[in-house]
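Engineer: Here is a sequence with its predicted model. Questions after.
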There are 2 protein chains.
Amino acid sequence: MTLAVRYKAARTLDTAVVDPPAPGRGEVELAPAYVGICGTDLHIFHGDMDARVATPAVLGHEMSGRIVRVGPGVEDWAPGDAVTVMPLRWDGSCPACRAGHQHVCQHLDFIGIDSPGAMQQRWTVPASTLIRLPGSLALDRAALVEPTAVAVHDVGRAGVREGEKVVVVGGGPVGMLIALVARAAGAQVRVVELSAHRRLLAEELGLTAWDPAVEDVPALVRQWTGDAGAQVAFEVSGAAGGMDTAVEVLGVRGRLCLVAIHPRPREVNLHRFFWRELTLVGARLYERGDFERAVALVAEGTIPAGRLISKVVPLTQAPAAFEALEGGGDVMKILVDCTDDTQGAVQ
Amino acid sequence: MTLAVRYKAARTLDTAVVDPPAPGRGEVELAPAYVGICGTDLHIFHGDMDARVATPAVLGHEMSGRIVRVGPGVEDWAPGDAVTVMPLRWDGSCPACRAGHQHVCQHLDFIGIDSPGAMQQRWTVPASTLIRLPGSLALDRAALVEPTAVAVHDVGRAGVREGEKVVVVGGGPVGMLIALVARAAGAQVRVVELSAHRRLLAEELGLTAWDPAVEDVPALVRQWTGDAGAQVAFEVSGAAGGMDTAVEVLGVRGRLCLVAIHPRPREVNLHRFFWRELTLVGARLYERGDFERAVALVAEGTIPAGRLISKVVPLTQAPAAFEALEGGGDVMKILVDCTDDTQGAVQ
């Protein structure tokens, strides 16, 4: 028996006692410690993903925790091990998998959306999803590994190289992580973000941030780049204006990495893609190598995870935290602490 | 004194006697033999490019011909040499040029749009634009080198590899050339084209062509690829529906090469770019290597240039040919024969 945060219907979460399955062959039972609330979780909360999510659904996929017990056939893992989870299960047989792109399997099971997630006190997952955490890494910070893996994947898809000028449109958690990962790759970075709170945080982290409501961002980029335009832009805002900005700031042969979800078709300035020979690169999720790199970046402090955590709430307060997050604005990452009742056992 | 085809105003062409400048330092005077009518020339004729084109404007940039005389300082070239022209003049100092992408120079002079073109009996151009033609290549076929260089550039930008499945959306001259160049690179190719005349020509050239007005093209591609989707699509139609088709037929990590001009923003299914990690690559014009490869492809017959030439009209009939072309449909490439009065001298 374990307490879980469940999505019931649009704008309705509860906490309830559930009975997660015992670990079967090749599976492990985890005690989640901290679980981040992601933009996707908010989309589910808003009811935008009802066609995909079977209710009641236990949410959560940005997590850290420890192994409680291992099922038959699981080697290399033992109770007490600190882990995070790469929450993907692929079929291994579809054309995408056969081409080596399992993370975008045509029948992907994303754990935490398509099957039960981490916002509960016990969670059973395949051992194949586990990523080992170093003992030196505090578990609250380790909950940032999953979104950092997204950023590592995005920066890799864009092929960011040392010395390049990079514009990140959208300075929420993923945009901020992309900016930090790109900077770690040697790029010069500018962040475009409407929220004053987030711009302030960016500046505190040594990044330059611009307010698109006040500044003429393309003009600033022209000035910054000597009229050449940026080499790379990341569209992380999900807004029509954000896409326009990302296209407009790029110089000849610039690369636009599309990270945000735009559920409906958007008007795009295709002529600019032709004229400047731009490239648009879609980026989704991550591969194992991205996760391993993300663990290293968070553990070594290149990603100042502690600075990105705005608040930690106990599991029973998670529903209220979702409602508070709807206002957006003055928060970055909120973590749900799942350890309340079991802290002695698992920490 | 030389006869020239000139654009005067929307839907108004004339032929007139003009006086082209004598070749200055580093320039050559050519006697154009054949000049193809390009889609861009039709855009100019329609008045769509009046903001850019200074009237009266001598049109034409797809040409073959011979050198008549060379200006001071020109080495390696002599009267009688058979040539085509890469009609680009760049400033060499803008950020695009400094990055090595002179063909998309931020202040590019496209000869035939921004300065006088080839539809005249004498034409003065910089010697740096000349591309040598082999003696074995008939000059009418050689007029197809320029659009073939476009296709070579596009296939290169898309990175087409042997064995890949490629969908070309739009089977006009450039689309057909892309299909042929991609096939020469070892790809399997399908052409999507509304015109029955053009589909028939494609089939005669050994290509499979589909009618999007009758066929469910994405379903045909799923069937053809075992549900994997195509690896590469070329959007050469310029139509909204063409862009949708090109996005929809691609499998995971597919590459869409954007060749057509879409003057106004288009609605694009960005979610598909995210979900399948697609890439959109803009492609414009060509570089010298593309032109040299195009000469070889046309000369060796890999591009059956003779089959793509629908009609050859004398220079004085060029205005009427533009009007006939407006109907579209049952033609592929029309050449203007500029040699009427001077054939003895230059052939």
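Structural biologist: Yes, it's here. Worth saying up front: this structure is predicted, and the values here are computed from it rather than measured.
Engineer: Please identify the helix or strand for the most centrally placed residue in chain A.
Structural biologist: Chain A has A:Pro147 as the residue nearest its centroid, 2.8 Å off, counting by CA atoms, centre = their mean. Counting by DSSP states H and E, the secondary-structure element that holds A:Pro147 is helix A:145-158.
Engineer: packing partners for that helix?
Structural biologist: With contacts taken as 3 or more CB pairs under 8 Å, 6 or more residues apart in numbering or on different chains; DSSP states H and E, helix A:145-158 sits against strand A:62-70, strand A:82-85, helix A:173-184, strand A:230-235, strand A:250-258, strand A:279-282, helix A:288-299. From N, CA and C alone the C-beta is placed, and that goes for glycine too.
Engineer: Please identify the most buried of these.
Structural biologist: By mean neighbour count, with neighbours taken as mean count of other CB atoms under 10 Å in any protein chain shown, strand A:230-235 ranks first of the helices and strands packed on helix A:145-158 at a mean of 28.
Engineer: Hmm, A:Gly282 and A:Arg255 touching each other?
Structural biologist: No. Between A:Arg255 and A:Gly282 there is no contact under CB atoms under 8 Å: 11.6 Å.
Engineer: how close does A:Glu267 get to chain B?
Structural biologist: Between A:Glu267 and chain B the computed distance is 4 Å (CB to the nearest CB, to the nearest Å).
Engineer: tally of neighbours for that residue?
Structural biologist: Close neighbours of A:Glu267, defined as other CB atoms under 10 Å in any protein chain shown, add up to 13.
Engineer: how about it, what does it touch?
Structural biologist: Residues near A:Glu267 by CB atoms under 8 Å, 6 or more residues apart in numbering or on different chains: A:Ala240, B:Pro265, B:Arg266, B:Glu267, B:Val268.
Engineer: Can you flag which of those residues belong to strands?
Structural biologist: Filtering the contacts of A:Glu267 for membership in strands, criterion DSSP state E, returns B:Arg266, B:Glu267, B:Val268.
Engineer: Turn those residues into JSON lines, including pLDDT and distance to B:Gln106.
Structural biologist: What follows is the ones in strands among the contacts of A:Glu267, written out as JSON lines (pLDDT from 0 to 100; distance: CB to CB, whole Å):
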{"residue": "B:Arg266", "pLDDT": "97", "distance to B:Gln106": "24"}
{"residue": "B:Glu267", "pLDDT": "98", "distance to B:Gln106": "28"}
{"residue": "B:Val268", "pLDDT": "98", "distance to B:Gln106": "25"}
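Engineer: Per-residue pLDDT of the residue nearest to the centre of chain A, please?
Structural biologist: For A:Pro147, the pLDDT comes out at 98.
Engineer: Distance check, it against A:Ala99.
Structural biologist: Distance of A:Pro147 to A:Ala99, computed by CB to CB, to the nearest Å: 26 Å.
Engineer: Can you report how many residues neighbour the residue of the stretch 1-150 of chain A found nearest chain B?
Structural biologist: For the stretch 1-150 of chain A, the residue positioned closest to chain B under CB to the nearest CB is A:Pro95, at a distance of 3.3 Å. By other CB under 10 Å, the residues close to A:Pro95 number 16.
Engineer: Which positions in stretch A:126-140 come out as buried?
Structural biologist: For stretch A:126-140, burial by neighbour count (16 or more other CB atoms under 10 Å in any protein chain shown) applies to A:Pro126, A:Ala127, A:Thr129, A:Leu130, A:Ile131, A:Leu133, A:Leu137, A:Ala138, A:Leu139, A:Asp140.
Engineer: The second one contacts A:Trp77, correct?
Structural biologist: Yes. Contact criterion CB under 8 Å: A:Ala127 and A:Trp77 qualify, at 5.8 Å.
Engineer: any common contacting residues for those two?
Structural biologist: A:Val28, A:Val70.
Engineer: Can you name the residues that contact the residue lying closest to the residue of the stretch 1-150 of chain A closest to chain B once chain neighbours are set aside?
Structural biologist: Residue nearest to A:Pro95 in three dimensions, not counting chain neighbours: B:Ala228, with 3.3 Å by CB to CB, 6 or more residues apart in numbering or on different chains. For B:Ala228, the contact set (CB under 8 Å, 6+ apart) comprises A:Pro95, A:Ala96, A:Ala99, B:Gly251, B:Val252.
Engineer: want to throw the helices and strands packed on helix A:145-158 into TSV with distance to chain B and mean pLDDT?
Structural biologist: Shown next, in TSV, are the helices and strands packed on helix A:145-158 (distance: least, CB to the nearest CB, whole Å; pLDDT from 0 to 100):
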stretch	distance to chain B	mean pLDDT
strand A:62-70	19	98
strand A:82-85	22	98
helix A:173-184	13	98
strand A:230-235	9	98
strand A:250-258	4	98
strand A:279-282	4	98
helix A:288-299	13	98
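Engineer: B:Arg222: which of those is closest?
Structural biologist: For these, distance to B:Arg222 was read as CB to CB. The smallest value, 19.7 Å, belongs to strand A:279-282.
Engineer: Mind giving me the packing neighbours of that closest one?
Structural biologist: helix A:145-158, strand A:250-258, helix B:270-275, strand B:279-282.
Engineer: Which one of those lies nearest to A:Leu88?
Structural biologist: Nearest to A:Leu88, of all the helices and strands packed on strand A:279-282, is helix A:145-158, at 10.7 Å by CB to CB.
Engineer: Can you list the buried residues in that closest one?
Structural biologist: A:145-158.
Engineer: Show me how the record splits chain A into domains.
Structural biologist: Here the domain parsing of chain A from automatic domain parsing is A:2-144+A:303-343, A:148-282.
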